[in-house]
Structures are given as C-alpha cells and as structure tokens.
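Novice: I would like the atomic coordinates for the input below:
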Amino acid sequence: ITERKFLEELHLQNVVEQQQRQRRAEYLAAVGKALAISLDPAIVRSHIHELFVPAVADWTVVDVFAPTENSGDAHPELPALDAFQRRLADAARAKFPSVLNASRIAIREQFDPPIEGTLAQAVIVPMITDERVIGTISFGRSATRGSATASDCTLYEELTSLAARAIANAGSFRNEQDIADILQRSFLATPIPTDHRLLVDSVYLPSKTMAQVGGDWYDCFALDNDRFAVSIGDVAGHGIHAAVTMNLVRLTFRATALGGIDPVRVLERGDRVLQLEGDPPMVTAIYGIVDLRRNVFSYASAGHWPPLIAREDGTIEAPFAHGIPLGIGFTDERTLAEVSLLPGDTLVLYTDGLVEYDRNTLVGEQRLRELLQRLIIEEPRASVARDLQTLVFEGKTQRDDVAVLAISILPSARHAVEDARNSIVGFPA
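Specialist: Numbers count the residues shown, from 1 in each chain. Alright, predicted model coming up:
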C-alpha cells in the first residue's frame, strides 16, 4: 500500500510538473507573439509591463541603454516611474558593470528589510542581442510573492530574451524609419519657385499612426518665364524603398518635362522608368503645367485624386482626366485635361491621406471641398496648403502620409498697379 501510494504521488507530481511546463510554454509563446505585434519601441516597452505584471512579477522596469553602453552616460532618461520602479531602476544601474558581463544570468538583489515593507527583491536580467547588452529588465517581487527560485530566474531569462529581440527589432525598424524620413524630407527640400504672379504653398506630414514613412511627394518648378510644372503622387508601401521610388519618379518627371514633352507623355516616361526596376510598386500621380500666358492648367493623371480648383467666387471644380496608375504592368490610354486658371483662382493638388482619414473617401472629399471653399471665401492667403491640412485634421486622426500643393494665381504686375490707381481718390490722370 505504501509503495502504491508513493507511485501515485509520484505520478501526480509528474502530471503537475508537466502541466506547469505546458502552461509555461504557452505563456512564453503568447508573450513572443504579443511582443511581435508592434514595431514602436515605446509600445513594445508598454506591452512588456502588461505581459509580465502581475503574471510573474509585481513591478518591472525596462532600461534600454544608449548605443555607447560602455560609457558613463549610457543610460538615457527613463519615463515616469513610481517609487518602487525607481528603486528597481536604481538597483539595476548600480549593478551595471556586473550586468555587462552577466551573459544572460539573472542577478538577484535583496532588500532587507523590504522597501516600505513591500518591495523585497529585484531580479535584474540583461537584454542581449548579437552578443551585445542593450539594456536590462528588472523584475520586482513583493514580500508576499517571496524570493525568486532558480526556476523563476530561468523564466525571467527566457522572457528577457524575447523582450530583447522585440526591442532590437523595433530599434532597427525605427532606424530605417528615420533614414526614410530624412531621405523623403531631403527629396522634398527642392526650392519652390517664386514669381510675382503666383503664391505657392506646400506641406508634407508623415502619418500620426503608421510606423513608417510613406512615398508621398509634391513638386513645382519653372519650365520657362510663363509656364510652371507641377506634380504630386503617392507610392504604394512605406519605408526606404517607397521614399527612393518616390524620388525616382519625381526626378523622371522633371527630366522629361524639361524636354518640352506634354503631360501624358511625361507620365508614360515615368511608367517606363519604373518598370525597369523589376516588380515596381504601384504609383498614383498627377503631372501638369500651369500656363500663365494662356491662363490654363493642363494635366494628365495616373489614377490619382483629381485636382481641385477654387474660383475667386468660392466655386470648387474638380476637372477629371482618365488614367491608370504607374507600375501595374500594362498601359492604357491616358487623357489630357485642360481647364482655365485665372487670376484669383487657386489650384490644389493632394494625396489620398487628406480624404481617407475616416475610411470614407466620399465624405472626406466633400468635406475637403467645403473647407477649401471656406478658406477662399474668408480671405486670400499665402498658406492655403498648410491651413487646409490643419482644418481637415481638426478633431480627426491622420492615418496616412499627406502631401498638399496649392498654387494661387495673383493679378499681374500691370493689374496690380491699375487696381492701386483706382483705389486712390484723386490719383492724377
């Protein structure tokens, strides 16, 4: 009977241990999956705390080192911490030299007596990726939870390994994002032409919710004394590749336009160059010419949102030109649209982020027209593009990148003098 009872207890112990191992494996798998969801470093750190507390600890502090982790200023400022988290952070930083040589081994720091009668122990685990310590995670244990066992420390080391991988991936992603952002802003830094007959305003804003920079652009440059080329477009996708593709198409438009080629042919040339890249992304775009001598705007479209023209009296028009996007692998006949553009009128080109913030483009486009009309009627302004994007996102979430280019046609110098003469009573004949 004694032997049978012993075997039953041993079997029960084995079952319990197997169930514990199963739960532990499921927990680690769930943590790894959850930490892979975001590539935003701040969100990853927040997820670490939510996943670890109170499941395996009472407090956690994630301390990511600066790139020069062997220097005296290796620790950047931590976000706001409560009193217990601050003591954890202080304990981890006091153990900094030991952590650098820890090789993933958890370091236990006892608080005897417990801090404020509550925080009894800190278990500090180095985050290591590619044989480099990138920071620490400190697990705080209360007196009620008790001291960490060897099994607890092994679990902390496994969790920290998952967290280190997630933080490193997010950091690499952020570095690529920063490079893409720098590239895009440098590409868009080309000076906008100045002319006494025009007011040109432009704005580019990266998404407030997406982690990566998109491929939106705008451009405006002089073809001769009376004609100005404009383009706007959006490359499908995000990141460095989208930014580089954006500049390839934009510069192709520029080079082709300087040869005196009409807008339809400019888009075709851009499409041909894009196809040379092999498996190119889809690109929507507009290329057009503002002709001040003829007072017209002629343009061709590659599947892009039509331009808006705000007349001096507040009327809003959206001339349509048929055309498919660039980079999709086949061609279709694109049409040339031509519309009058008179003194007092404003031409607005934009990318889809300006109308797709609520996932209802029809409502977004109608609201955009109403806001543009309000801007034009209120008063002439030199900041139409910037003011328009500000109004559009008032109380809204900007979900995508946005580029806006606005060109207002002013009276010629001759008209301006005549208007001034007529406004002065008694001006000599």
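Novice: Show me what counts as buried in stretch 270-287.
Specialist: Residues 270-271, 273-274, 280-287 are the ones in stretch 270-287 that count as buried (16 or more other Cβ atoms under 10 Å). In this view, the C-beta of every residue, glycine as well, is placed from N, C-alpha and C.
Novice: Sort out for me which of those are in strands.
Specialist: Among the buried residues of stretch 270-287, the ones falling in strands (DSSP state E) are 283-287.
Novice: To what extent is L248 buried, counted in neighbours?
Specialist: Residues near L248, counting by other Cβ atoms under 10 Å, number 19.
Novice: need the buried residues of stretch 270-287 in CSV with pLDDT and distance to E378, can you?
Specialist: As requested, the buried residues of stretch 270-287 are exported to CSV (pLDDT from 0 to 100; distance: Cβ to Cβ, whole Å):
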residue, pLDDT, distance to E378
G270, 92, 37
D271, 92, 40
V273, 90, 42
L274, 89, 41
P280, 86, 42
P281, 88, 39
M282, 91, 37
V283, 93, 35
T284, 93, 31
A285, 95, 31
I286, 96, 27
Y287, 96, 31
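Novice: quick one: which of those residues is nearest Q22?
Specialist: P281 (44.5 Å; Cβ to Cβ).
Novice: ok, now how distant is the closest one from P306?
Specialist: 22 Å (Cβ to Cβ, to the nearest Å).
Novice: if we can go back for a sec, I'd like the buried residues of stretch 270-287 written out as JSON lines, with distance to M246 added.
Specialist: Converted to JSON lines, those look like this (distance: Cβ to Cβ, whole Å):
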{"residue": "G270", "distance to M246": "11"}
{"residue": "D271", "distance to M246": "15"}
{"residue": "V273", "distance to M246": "13"}
{"residue": "L274", "distance to M246": "11"}
{"residue": "P280", "distance to M246": "12"}
{"residue": "P281", "distance to M246": "10"}
{"residue": "M282", "distance to M246": "12"}
{"residue": "V283", "distance to M246": "8"}
{"residue": "T284", "distance to M246": "12"}
{"residue": "A285", "distance to M246": "10"}
{"residue": "I286", "distance to M246": "14"}
{"residue": "Y287", "distance to M246": "14"}
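Novice: and which of those residues is nearest A34?
Specialist: P281 (30.3 Å).
Novice: In contact with that closest one, which residues?
Specialist: 215, 235-237, 241-242, 245, 327 (Cβ atoms under 8 Å, 6 or more residues apart in numbering).
Novice: Can you tell me which of those residues are buried?
Specialist: 215, 235-236, 241-242, 245, 327.
Novice: Among those, which ones are in helices?
Specialist: Among the buried ones among the contacts of P281, the members falling in helices (DSSP state H) are 241-242, 245.
Novice: okay, the residues you listed in JSON lines with distance to A321 and pLDDT next?
Specialist: Listed next are those as JSON lines, based on distance: Cβ to Cβ, whole Å; pLDDT from 0 to 100:
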{"residue": "H241", "distance to A321": "28", "pLDDT": "76"}
{"residue": "A242", "distance to A321": "24", "pLDDT": "80"}
{"residue": "T245", "distance to A321": "23", "pLDDT": "85"}
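Novice: need those residues in a markdown table with distance to D400, can you?
Specialist: Shown next, in a markdown table, are those (distance: Cβ to Cβ, whole Å):
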| residue | distance to D400 |
| --- | --- |
| H241 | 17 |
| A242 | 12 |
| T245 | 17 |
